[in-house]
Structure formats: structure tokens, C-alpha cells
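>>> structure here, sequence nowhere to be found:
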């Protein structure tokens, strides 16, 4: 009798949650985060668009239109569907039944990415084997035990362009608030446009070096902050926006969230995580009653076009293209090629060996991009620019061979800028993170080389009214 009472008491106290339910939840969280901006993020970008100081309405309007297209078509907001980071908090009175927790989380991500044609970007090893796993796994998983009988899960999708600008600074324990404001601001401002502003910034201060970085990522999606944290966040935001590129009219950063913690008497770890305007996250809670999803869907509005009146220029009109001036905005129509890191590396090595590469460089335009896989019936999956600076090590040779122009995001180094000007060539930029919108500008797509590289293959594209800005 006592045994039966104890068993019943155990089941009353403990809440059983199956890994099948967790797998279902992680799948949907991945899907929602990738295809729909959280209402809070959308509304913040809308504030930028409505701001009287906003001098880049063309960029922000495209961001807002892209968000609506991605939601309606159920496609990724950005072609970089990123590294998946899962934060899971498990109530200590929860009994998890079924398979191994890490296995089902990875299984859910793999299934979601394959079934929804999201781009797989994870390689097997950072140094020794950079072959794509073709599953977008393994996932980064952070687990924490909390009180209660439920499980809380947050999925954060982190793109490489902004992740590459993340910084950890071990400051002096005697650092002042002003020191912290300047340090955090310098990290953000130095990123330039590589991170696709308007930006969302997470800052973690305290604990240990690795935990400060984790705190900075959690700050991107957390809702509760102390008054002191909110005050310092606002000061950092104001400082950044008053010292950032003029084209954003004090709207370079849309939000700063800061979390602090205890630390060693001799330490002051300060971690800054930058995130583009696609601040992609989704949350849920699981208990014995099932899954409660917390993703807040925006009230999308129609945004009037700002690019329609721009001059249309054709890719074969090399003379007009060469005579464009820095700062001009155009709509490009015609044939271009898409190639990014690994394709450039292969072609550069082929050139070095005196071999013929798969496209004639002279008077051609290369778009630094790697699209998502296309769904059946689609011409191409969501596509957008990657960071141009990563191709700088190859660009000089390509421009020497007669490359007319490249398209990417962010700046170029001085040597590349010099060769572009010497060759009377061009470097165009296009707004990052608007991959759903840009995919609609692609009318034909064909892989012409290195299909084993998947998203990093060389594509020949026919584009129509592709919005570009002359950077160099």
C-alpha cells in the first residue's frame, strides 16, 4: 500500500515530458524563427522607417517588404539560415522520456531544414574537415536546470555575417561606466555594414569569459531587465547612434539589450553579440498539458516602394556601368553570376595552375551569394549578399582579369579598392537580409560549376531590376 502511495505521489510531483514533444517543438521554433520576424523586432524596424531622422528609407522599406514576403510565402527571411542555437531550461521536477535529448533536438533541426529547403551551412570541422554536413547540424545546445514542472525552449538563428563581428573584451575591474559604453560602442561601430543594420545588440557583462558570451546572446531575446541594465543599454544605444554612419540617420542600432552578472573581483568580462535586422528567435513552454508557443506574429503593413523610379541599367551595357558614380542607386537587369568563398578559392587555385575556369571573367558581374535550395517550381531559393571582404584575397586577381563588377555587402580593403579604381571597374552593394525579396528579382537560375559545393556552387542568373548602390 505504501509503495502504491509513493508511486502515485512520484507521478504527481514529477511531470513526464516525451522527447517526441520536444522534437515537435524545436521543429516549429526553427520554422517560425527563420520565416517570421517576432512582432517586437518588426515593430522596432517600423519605428526606424517612421523616424524623421531616417535617411535610408529605401533600405528599411525593403527590409519590411521582405519580412511580409517571407511570412506569406513561408520562406526564409535571409538566405543564411545560420547556426541553430537552442537554449533549453528543464524543470528539476520534469522526467524526460524517450530518446536522448541532444539527439532529438538535432533530429528536429535536420528535418526542418530539409523539409523546408533552408540552407545548410554547417561544416564537419572548423579546421580539419570543412565538408558540409548537409543537415545544418550539429546544433549548439545550452541546458539549464530550473525549478518547476515544465521545459522552456528558445531557438536562436545566428547568421555568420553578424556572428563574425562578435567580440569579447576582458576589461579592467576598475573600468567606469563610460569606459564600458565606449568599448561596446566601438565594437559595434567598427562592424560597419557587414552586419546588415539596423542592428540588434546583445551585451553580457560579468561571470566568466564564456558565460559573458552566452549572456550576450540570451540578451537578444530576453524580456526582463533591471532598471540599471535598461539605463546602461539606452546610453550605449544613444552613443552608438550618435557616432555611426550618417546614412542611417541615428538609426544604425535599433535595440540594445544588456544583461549583467556576478564575477571575480579581478574580472570585468564584456561580450558584445551583434545581430542584423533579422533578429531571429522563437520560444515555447512545454508541460504536461502540451506545447505553448510564444512567437508573436506582426501586424504586417503595406510599404510603398522607393526603388521603382531608379534608373534601370543592363548588365551588357558596360560603358554605362563603368561611368556610374559612387553613391548612385540603380536597378540592374541582365546576366550575372553568383559565387562565394569556396567557389572563389577553387577558381583562384585553377588560375594559379594556369587552368581555364568555368566562366569568362572579362566584363562579367559576380554576386557574392549562396542561395537557399529552391523548392519544386521555384527558380531559386531566397538569396542575398554575403560579406564581400571575405573575397578580398581573391578579388585583385579577378579584377586584373577584367571583372567588370562585384556585388556584396560591407566594405573592401584598400588594395581591392585601388585595383577597382585602376581598372575602371565597380563594386556594388545590396541590402543584406532581404533574401525573400531579392529572390523575386531572379528570373532564371542555372548551376554552371562546382555543384558538389551546394549553396557555394557557381550560378548563372538572369536578374530583373535588382536594386544596387555603387559603393566603389
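Structure received. Computed from a prediction, not measured in an experiment: that's the story for all the values here. Numbering: from 1, shown residues only.

>>> ok, residue 107 - contacts?
Residues in contact with residue 107 (C-beta atoms under 8 Å, 6 or more residues apart in numbering) are residue 23. In short, each C-beta sits where N, CA and C put it, glycine included.

>>> that one is in what secondary structure piece?
helix 101-115 (DSSP states H and E).

>>> now the element after that helix, going C-ward?
Assigned by DSSP H and E, the successor of helix 101-115 is strand 140-146.

>>> may I see the buried residues of the helix holding residue 107?
Residues 101, 104, 105, 106, 107, 108, 109, 110, 112, 113 are the ones in helix 101-115 that count as buried (16 or more other C-beta atoms under 10 Å).

>>> for that helix, give the mean pLDDT please.
If you average the pLDDT over helix 101-115, you get 98.

>>> max-length strand in this protein?
Ranked by residue count and defined by DSSP state E, the top strand of the chain is strand 458-470.

>>> could you give me the buried positions within it?
So for strand 458-470, counting by 16+ other C-beta under 10 Å, buried means 458, 459, 460, 461, 462, 463, 465, 466, 467, 468, 469, 470.

>>> pull the helix or strand with minimum mean pLDDT from the protein.
Every helix and strand of the chain was ranked by mean pLDDT, DSSP states H and E. The lowest is helix 2-13, at a mean of 49.

>>> look up how far residue 299 lies from the residue positioned nearest the centre of the chain.
Among the residues of the chain, residue 159 comes closest to the average C-alpha position under C-alpha atoms, centre = their mean, at 3.1 Å. Going from residue 159 to residue 299 by C-beta to C-beta, to the nearest Å gives 25 Å.

>>> in this structure, where is pLDDT below threshold?
Within the chain, the stretches with pLDDT under 70 are 1-14, 305-308.

>>> the helices in this structure, which residues?
Counting by DSSP state H, the chain has these helices, from start to end: 2-13, 19-35, 39-50, 57-73, 101-115, 160-163, 177-189, 209-218, 227-243, 318-322, 341-352, 392-400, 414-422, 435-439.

>>> need those helices in JSON lines with distance to residue 370, can you?
Output for the helices of the chain, formatted as JSON lines (distance: least, C-beta to C-beta, whole Å):
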{"stretch": "helix 2-13", "distance to residue 370": "50"}
{"stretch": "helix 19-35", "distance to residue 370": "16"}
{"stretch": "helix 39-50", "distance to residue 370": "24"}
{"stretch": "helix 57-73", "distance to residue 370": "17"}
{"stretch": "helix 101-115", "distance to residue 370": "15"}
{"stretch": "helix 160-163", "distance to residue 370": "11"}
{"stretch": "helix 177-189", "distance to residue 370": "26"}
{"stretch": "helix 209-218", "distance to residue 370": "24"}
{"stretch": "helix 227-243", "distance to residue 370": "30"}
{"stretch": "helix 318-322", "distance to residue 370": "24"}
{"stretch": "helix 341-352", "distance to residue 370": "8"}
{"stretch": "helix 392-400", "distance to residue 370": "15"}
{"stretch": "helix 414-422", "distance to residue 370": "20"}
{"stretch": "helix 435-439", "distance to residue 370": "10"}
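
>>> quick one: which of the ones you listed is nearest residue 266?
helix 209-218 (12.8 Å; C-beta to C-beta).

>>> so who does the closest residue in space to residue 131 that isn't next to it in sequence touch?
Nearest residue to residue 131 in three dimensions, chain neighbours excluded: residue 124, at 5.4 Å (C-beta to C-beta, 6 or more residues apart in numbering). Remark: with contacts taken as C-beta under 8 Å, 6+ apart, residue 124 is in contact with 130, 131, 132, 133.

>>> same question, residue 67
36, 37, 42, 45, 77, 298, 300.

>>> kindly report the domain assignment for the chain.
17-293, 311-470 (automatic domain parsing).

>>> what count of nearby residues applies to residue 282?
26 (other C-beta atoms under 10 Å).

>>> what of residue 55?
Counted with other C-beta under 10 Å, residue 55 comes out at 14.

>>> the closest residue in space to it that isn't next to it in sequence: neighbouring residues, count only.
Once flanking residues are discounted, residue 55 sits nearest to residue 249: 4.1 Å by C-beta to C-beta, 6+ apart. For residue 249, the count of nearby residues is 17 (other C-beta under 10 Å).

>>> isn't residue 249 up against residue 57?
No - judged on C-beta atoms under 8 Å, residue 249 makes no contact with residue 57 at a distance of 9.5 Å.

>>> quick one: the strands in the stretch 201-350 of the chain?
Applying DSSP state E, counting those that start in this stretch to the stretch 201-350 of the chain gives strands spanning 253-263, 269-275, 280-287, 290-293, 311-314, 329-338.

>>> between these, which one is closest to residue 398.
It's strand 329-338; of the strands of the stretch 201-350 of the chain, that one is closest to residue 398 (C-beta to C-beta) at 11.0 Å.

>>> right, and the domains of the chain - which one's nearest residue 304?
When these are compared by C-beta to C-beta, domain 17-293 sits nearest residue 304, at 7.3 Å.

>>> end to end on that closest one, go ahead and measure it.
16 Å (C-alpha to C-alpha, to the nearest Å).

>>> how close does the nearest residue to residue 458 once chain neighbours are set aside sit to residue 337?
Leaving aside its sequence neighbours, residue 458 sits nearest to residue 449 (C-beta to C-beta, 6+ apart; 4.1 Å). Distance from residue 449 to residue 337, counting by C-beta to C-beta: 9 Å.

>>> then residue 213?
Residue 213 sits 37 Å away from residue 337, going by C-beta to C-beta.

>>> if I pick residue 319, what's in contact with it?
With contact set as C-beta under 8 Å, 6+ apart, residue 319 has no partners.

>>> look up how far residue 363 lies from it.
For residue 319, the distance to residue 363 - C-beta to C-beta - is 10 Å.

>>> again with residue 445
Separation of residue 445 from residue 363 (C-beta to C-beta) stands at 21 Å.

>>> neighbour count for those two, which is higher?
Taking other C-beta under 10 Å, residue 445 and residue 363 do not tie; residue 445 has more neighbours (19 against 15).

>>> skipping adjacent residues, who's closest to that one in space?
Going by C-beta to C-beta, 6+ apart, residue 445 has residue 380 as its nearest residue, at 4.2 Å.

>>> what's across from the residue nearest to residue 92 when sequence neighbours are not counted in the sheet?
Leaving aside its sequence neighbours, residue 92 sits nearest to residue 145 (C-beta to C-beta, 6+ apart; 5.3 Å). With DSSP bridges applied, residue 145 shows beta-bridge pairing to residue 90.

>>> quickly note the distance from residue 145 to residue 436.
Counting by C-beta to C-beta, the gap from residue 145 to residue 436 is 39 Å.
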